[in-house]
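A.B. asks: coords below, sequence missing:
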């Protein structure tokens, strides 16, 4: 079956602009996670959704970052007033249940110039 | 605060060698540990997941062990092939309150297997 998909695969934006990154989880997976991976590092947790609600947003770096999952399926990560330090690969993962194995998408590479 | 360390950071071996990748974590209170593979410019592919009550898991040429009390896991790759070249990431899911929700990753071991 289809895995986790993310769009766009690459996004280049200017400093100060607003961006949206989209994640389509595996069908039926109730848990959805966003991570951020900087060059040469492992992914760092940003936010976790169980259904439609953000159950844990403790990894969001500041209030410029926000994510939604209005219907409990697709999720959008939103970044306002982008900064060069936001440049990274943003990864989405989903799992069938909260402690279940996480399946990752290919990521969106964000470059802020 | 849980921290995950992977040694070595990079490894280059000739084809056919058996090799061991190491992962250590600072807090033994984990729910499970997972090994991933990441190819350049790609997402993560799950290789093996070990529950905290398990000692090892095997899949094909891969074997992962877990010693929770000492905070260590190893990934053993038998008869390495050039197609095994990738970055290998170790991640733990901590048992702390709320920790069910996130994986804590190491920085990875970049493996190159040359013919």
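C.D. replies: Perfect, I can see it now. From a predicted model like this one, the values you see are computed outputs, not experimental measurements.
A.B. asks: so where's the chain shaky on pLDDT?
C.D. replies: Chain wasn't specified; assuming chain A. In the predicted model, chain A carries pLDDT under 70 at residues A:1, A:98-99.
A.B. asks: please refer instead to chain B.
C.D. replies: Across chain B, the ranges flagged by pLDDT under 70 are B:97-99.
A.B. asks: that one against chain A: which residues are in contact?
C.D. replies: When proximity is defined as Cβ under 8 Å from any Cβ of the partner chain, chain B approaches chain A at B:4, B:31-32, B:34, B:36, B:41-46, B:49, B:89, B:91, B:93, B:98, B:100-108. Placement of C-beta: from N, CA and C, glycine included.
A.B. asks: got the contact list for the residue of chain A found nearest chain B?
C.D. replies: Nearest residue of chain A to chain B: residue A:42, at 3.0 Å (Cβ to the nearest Cβ). With contact set as Cβ atoms under 8 Å, 6 or more residues apart in numbering or on different chains, residue A:42 has these partners: B:4, B:89, B:91, B:105, B:106, B:107, B:108.
A.B. asks: would you reformat the residues you listed as JSON lines and include neighbour count and secondary structure?
C.D. replies: Listed next are those as JSON lines, based on neighbours: other Cβ atoms under 10 Å in any protein chain shown; DSSP: H, G, I helix; E, B strand; the rest coil:
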{"residue": "B:4", "neighbour count": "24", "secondary structure": "strand"}
{"residue": "B:89", "neighbour count": "27", "secondary structure": "strand"}
{"residue": "B:91", "neighbour count": "26", "secondary structure": "strand"}
{"residue": "B:105", "neighbour count": "23", "secondary structure": "strand"}
{"residue": "B:106", "neighbour count": "24", "secondary structure": "coil"}
{"residue": "B:107", "neighbour count": "17", "secondary structure": "coil"}
{"residue": "B:108", "neighbour count": "24", "secondary structure": "coil"}
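A.B. asks: nearest to chain A, of those residues?
C.D. replies: residue B:105 (3.0 Å).
A.B. asks: so for stretch B:65-75, what gets flagged as buried?
C.D. replies: B:65, B:66, B:68, B:71, B:73, B:74, B:75 (16 or more other Cβ atoms under 10 Å in any protein chain shown).
A.B. asks: ok, which stretches of the chain are strands?
C.D. replies: Because you didn't say which chain, this covers chain A. Here chain A has its strands, by DSSP state E, at A:5-7, A:10-13, A:19-24, A:31-37, A:44-50, A:53-56, A:65-68, A:75-79, A:88-95, A:103-104, A:108-112.
A.B. asks: switch to chain B, please.
C.D. replies: B:4-7, B:10-14, B:19-25, B:30-38, B:44-51, B:56-59, B:62-67, B:72-77, B:86-94, B:104-105, B:109-114.
A.B. asks: report the two of the contacts of residue A:42 separated the most.
C.D. replies: With Cβ to Cβ as the measure, no two of the contacts of residue A:42 lie farther apart than B:91 and B:107, at 11.2 Å.
A.B. asks: residues in contact with residue 56?
C.D. replies: Using chain A. For residue A:56, the contact set (Cβ under 8 Å, 6+ apart) comprises A:47, A:48, B:98, B:101, B:102.
A.B. asks: wait, chain B was what I had in mind.
C.D. replies: Residue B:56 sits next to B:50, B:63, B:64, B:65, B:66 when contact means Cβ under 8 Å, 6+ apart.
A.B. asks: surely the last one and residue B:53 touch.
C.D. replies: Yep, that's residue B:66 we're talking about. No - in this structure, residue B:66 is not within contact of residue B:53 by Cβ atoms under 8 Å, at 9.5 Å.
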